[in-house]
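Chemist: The following comprises the amino acid sequence and a computationally predicted model.
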Amino acid sequence: QVQLVESGGGLVQAGDSLRLSCAASGRTFSSYAMGWFRQAPGKEREFVAGIRWNGDSTLYADSVKGRFTISRDNARNTEYLQMDSLKPEDTAVYYCARDGSPFRRVLVTSPREYDYWGQGTQVTVSS
């Protein structure tokens, strides 16, 4: 069983930065791509960023490209999301998730492709 625990959310002003972390249990973290998703009230969960199992490739939603950076530390079983130049429209609950297939060659954006999810961390950006 894999457990994912996010941390680092909070209330910030527009233009500020936050760094989210996602700590994973188990010994298979380095075999799977990881992703970040977010869900705002009344909206569907959307893909934010993904990183391949070995960290050599990343993918971002257009809405966060150039402002957010995803990374991972396989030795610490942890992935990160550095969020800079935050905007009010970034307000949402942020979830980390594990790709359902090990060593997948391409990064996927559909939530259906991810099998384990964290509990979420709230990010609120005031204007």
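Modeler: Alright, I've got the coordinates.
Chemist: hey, let's count contacts and neighbours off CA atoms from now on
Modeler: Fine.
Chemist: Identify the residue spatially nearest to the residue nearest the centre of the chain, adjacent ones excluded.
Modeler: Nearest residue to the geometric centre of the chain (CA atoms, centre = their mean): Trp36, 2.0 Å. Excluding the flanking residues, the one nearest Trp36 by CA to CA, 6 or more residues apart in numbering is Cys96, at 4.5 Å.
Chemist: Could you do Ala97 as well?
Modeler: Excluding the flanking residues, the one nearest Ala97 by CA to CA, 6+ apart is Trp117, at 4.4 Å.
Chemist: how much space between the one you found and Ser126?
Modeler: Distance of Trp117 to Ser126, computed by CA to CA, to the nearest Å: 27 Å.
Chemist: So for those two, which residue has more residues nearby?
Modeler: Using other CA atoms under 10 Å, the more surrounded residue of Trp117 and Ser126 is Trp117, with 20 against 16.
Chemist: in this structure, which spans are strands?
Modeler: For the chain, the strands defined by DSSP state E cover 4-7, 10-13, 18-24, 32-39, 46-51, 58-60, 68-73, 78-83, 92-102, 114-117, 121-126.
Chemist: which helices and strands does the shortest one pack with?
Modeler: Which is strand 58-60. strand 46-51 (3 or more CA pairs under 8 Å, 6 or more residues apart in numbering; DSSP states H and E).
Chemist: Distance from the strand it packs on to the middle of the chain?
Modeler: Centroid separation between strand 46-51 and its chain, computed with CA atoms, centre = their mean, to the nearest Å, is 6 Å.
Chemist: do the same with stretch 118-127
Modeler: Here the centre of stretch 118-127 is set off from its chain's centre by 12 Å, with CA atoms, centre = their mean.
Chemist: Give me the buried positions along that stretch.
Modeler: Within stretch 118-127, the residues that count as buried by 16 or more other CA atoms under 10 Å are Gly118, Gly120, Thr121, Gln122, Val123, Thr124, Val125, Ser126.
Chemist: what about Gln1, how many residues close to it?
Modeler: For Gln1, the count of nearby residues is 5 (other CA under 10 Å).
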